[in-house]
Every structure is written in structure tokens, then in C-alpha cells.
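Enquirer: would you be able to build a 3D model of this:
(one chain, ligands or ions: 1)
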Amino acid sequence: MKRQAMKKILVIGANGQIGTELTTALVKLHGAQQVVASDIQALGRHQELAYEKLDVTDAKRLAEVVQQHDIGEIYHLAAALSAKGEEHPEWAWNLNMTGLLNVLEVARQAKLSKVFWPSSIAAFGPSTPRDNAPQVGAMDPKTVYGISKLAGEHWCSWYAEKYGMDIRSLRYPGLISYSAEPGGGTTDYAIQALFSAADGSAFTSFLGEESTLPMMYMPDAVRATIELMSAPKENLKTAGSYNLAAWSFSPRELVCVIQQRVPAFQAAYKPDFRQAIADAWPRSIDDSSARAEWAWRPAYSLSEMVDDMLTHLAGRKSLSQEKQVA
Ligand code: VAH
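Expert: Numbering: from 1, shown residues only. All right, here's what the predicted structure looks like:
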């Protein structure tokens, strides 16, 4: 009897900071034939994969891609981040909300088995306890990005409850990676610091030295995503998006850890508009629900992240000189 071909995975935003590494991990797990990459650029980063140029705000095109590739799961990562969202609010709201609603509606109509969508600690706000921000509590985001993430969490819950869809989500902390340009976030200073330490260029933090924020190394965030998506549905008692944490640090603390490896590395601090964004976010996150329900555990320590980043960045050009994807 002919085995029914397995439905495929569509990654939306596969060229982005998370999408680049998540797509690679999904290929390792499922094989290149099972993964379709898509993004707004003409060309994809993953040469071995089928690629679709896709603007996720175009519902018709999204439905066509899902149908043509026989998609069974979507990882929807395309979004405007916090800093860029404050500079272009209407664009950010449209991309983040129309994009998500298109994904949810196409997934409903095509009866997809699962959808992954990232929320963020940006969904928290000044009323959220600054330390150990709870899984359920006050959420009064003060950025367009954070408002879109909180609204998105509620839309995901609405679709899940009304249509019985399996929609899974994580509130990512600031993510640190070397594979792709960060996308205009408030936590990007940490990536810039590591690139500067590796190439010897001057570094100025756009956040003040004591601005402690929850952060995570990308390999841990990618593994958390895959572990959440493969967890038995019956284990997932928490509705909505899971808090996820590894460690928190301030720019000064990160600079100290870097200087233990690169003594010549120096930092200046020149807070800009992103300081107010950071000040409205919690300093640390309570991720006990993720740990209890699907055995989440971070693997990298802060020191191990710095060592691994500097190893991978040795000999790389600085962020500003890096070739953008076509
Ligand atoms: C940002 N990197 O800075 C993202 C993230 C928690 C921060 O959502 O906007």
C-alpha cells in the first residue's frame, strides 16, 4: 500500500534571526524534503531547501504556498521587532497582526496539524513584576511590538478554543546569535557587543550599563521550540504562550564576561530611545510552567554562550559589513 507522503513544514521568516537557525534544526530533524523555507527576500539562505518568496500579509499567496507544498505545520517567525516597530508603527502592526491572522485563518481552512508562533517578554509591561515575571499576570505592553504580541497571544487562544487548533507559542527573551542579522530589537546591543569584541571595533551600548534583561542563546531557543512542538498535547496544561528563560544580564555584566576573554574590549554607554523600552520589560522570568509541563531546561551558561559566540565570530566581518541576504 502506497505510504501517504508526510505533510511538510513551512517556515515563514526562514531568513531571519530565529528562522535561520530554526530552519536548519528542522532540516536536521525531519530532512530537507520535509521543510519549505519562505521569506520576503527573493532568495533563501538554505540552498538545499524549496524556497518561496512570501509576504505573509498576502493571505492568497500564503494559501497557495500551503496548498502547493502540501503543508501540515507552520512555524511563523516573520515579525517587526520592538525598536523598528516604534520607528514604523503602522508597518509593524500590519506585519505582526495581519501576518498572524493570515496564518491562523489559512491554517484553519487547510486543517493544519500544528502552528508555532513566537510571543516575547515584550508582551509584559511596567505593571508586570520586574523579577520572576509570572506565567499569568499583569501585561501592559508599551510598544507596538509588545501590543501585537499580547494581542497575538489572545488571537491564538481564540482560534485554539473556537476551532480546536493546536497552536503553540513561547515568550522568547532577548536572543543572541551569530548566524543572521538581528532584526531591530532592543536586546540587539548584546549581539553588537560580541561582534565588536570579535573584530576589535569600538562598541557603544544603546542601553545603560545597569539595564538587566532576560536573555538566551539561540541554540537553546531553537531546541525549546522543537521540544515544545514535539511535546504530547496532553502534557500542555498552560493556555497561550509559555514563559521561557535562561539567564539575565546587564550590559555591564556582559562586558565583564567578554573582557575576561578579550581584555582589550571596551564599552561606552549611550542610552537612546530603546532605554525606555527596556525599562518597561521585566528583569527576569518565571518559566516554571515550561519546566514542569515539557521539561524545559536551558543548556548554555552565560560564559558558555560568550565562548561559543566568540569562537564562531573569530575572523568574521562586523555586523555592519556583513553581506545582507539578497
Ligand atoms: C526585541 N529581540 O528586542 C526582541 C525580543 C525580548 C526582546 O522580543 O525586540
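Enquirer: residue of the stretch 101-250 of the chain closest to the ligand, please.
Expert: Proximity to the ligand, evaluated over the stretch 101-250 of the chain using CB to the nearest ligand atom, is greatest for Gly185 at 2.4 Å. C-betas here are computed from N, CA, C, even on glycine.
Enquirer: so what's the closest residue in space to that residue that isn't next to it in sequence up against?
Expert: Excluding its sequence neighbours, the residue lying closest to Gly185 (CB to CB, 6 or more residues apart in numbering) is Leu81, at 3.9 Å. When the contact criterion is CB atoms under 8 Å, 6 or more residues apart in numbering, the partners of Leu81 are 145, 182-186.
Enquirer: try it again with 6 Å
Expert: For Leu81, the contacting residues are 145, 183-185, taking CB atoms under 6 Å, 6 or more residues apart in numbering as the criterion.
Enquirer: those strands in the stretch 151-300 of the chain, which residues are they?
Expert: Per DSSP state E, counting those that start in this stretch, the stretch 151-300 of the chain has strands spanning 167-172, 174-176, 203-205, 213-217, 241-243, 247-249, 267-269. These are given in chain order.
Enquirer: and these as JSON lines, adding distance to the ligand?
Expert: What follows is the strands of the stretch 151-300 of the chain, written out as JSON lines (distance: least, CB to the nearest ligand atom, whole Å):
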{"stretch": "strand 167-172", "distance to the ligand": "6"}
{"stretch": "strand 174-176", "distance to the ligand": "5"}
{"stretch": "strand 203-205", "distance to the ligand": "14"}
{"stretch": "strand 213-217", "distance to the ligand": "7"}
{"stretch": "strand 241-243", "distance to the ligand": "12"}
{"stretch": "strand 247-249", "distance to the ligand": "11"}
{"stretch": "strand 267-269", "distance to the ligand": "18"}
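Enquirer: could I get those strands as a markdown table with distance to Ala160 and mean neighbour count?
Expert: Formatted as a markdown table, the strands of the stretch 151-300 of the chain follow (distance: least, CB to CB, whole Å; neighbours: other CB atoms under 10 Å):
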| stretch | distance to Ala160 | mean neighbour count |
| --- | --- | --- |
| strand 167-172 | 5 | 24 |
| strand 174-176 | 25 | 26 |
| strand 203-205 | 39 | 20 |
| strand 213-217 | 25 | 24 |
| strand 241-243 | 11 | 25 |
| strand 247-249 | 30 | 19 |
| strand 267-269 | 43 | 16 |
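Enquirer: same list (those strands) but as JSON lines, adding mean pLDDT.
Expert: Output for the strands of the stretch 151-300 of the chain, formatted as JSON lines (pLDDT from 0 to 100):
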{"stretch": "strand 167-172", "mean pLDDT": "98"}
{"stretch": "strand 174-176", "mean pLDDT": "98"}
{"stretch": "strand 203-205", "mean pLDDT": "98"}
{"stretch": "strand 213-217", "mean pLDDT": "98"}
{"stretch": "strand 241-243", "mean pLDDT": "98"}
{"stretch": "strand 247-249", "mean pLDDT": "98"}
{"stretch": "strand 267-269", "mean pLDDT": "98"}
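Enquirer: residues of the chain that sit close to the ligand?
Expert: Taking CB under 6 Å from any ligand atom as the contact definition, the chain meets the ligand at 81-82, 120-122, 145, 172-175, 185-187.
Enquirer: kindly recompute the last result at 8 Å.
Expert: Within the chain, the positions near the ligand by CB under 8 Å from any ligand atom are 17, 81-83, 85, 120-122, 143, 145, 149, 172-175, 182-188, 213-214, 277, 281.
Enquirer: who touches Ser196 in this structure?
Expert: Contacts of Ser196 by CB under 6 Å, 6+ apart are Phe203.
Enquirer: what of Thr128?
Expert: Thr128 is in contact with 138, 282, counting by CB under 6 Å, 6+ apart.
Enquirer: apply 8 Å and report the result again.
Expert: Applying CB under 8 Å, 6+ apart, the residues near Thr128 are 134, 137-140, 282.
Enquirer: could you say which helix or strand contains Glu52?
Expert: strand 50-53 (DSSP states H and E).
Enquirer: so which of the strands of the stretch 151-300 of the chain is nearest Met229?
Expert: Nearest of the strands of the stretch 151-300 of the chain to Met229, taken as CB to CB: strand 167-172 at 5.8 Å.
Enquirer: tell me the strands beside that closest one, with direction?
Expert: strand 114-120 (parallel), strand 241-243 (parallel) (DSSP bridges).
Enquirer: need the contact partners of the longest one.
Expert: Residues external to strand 114-120 that are found in contact with it (CB under 8 Å, 6+ apart): 18, 72-77, 79, 82, 100, 103-104, 107, 145-146, 149-150, 152-153, 156, 165-173, 225, 228-229, 240-241.
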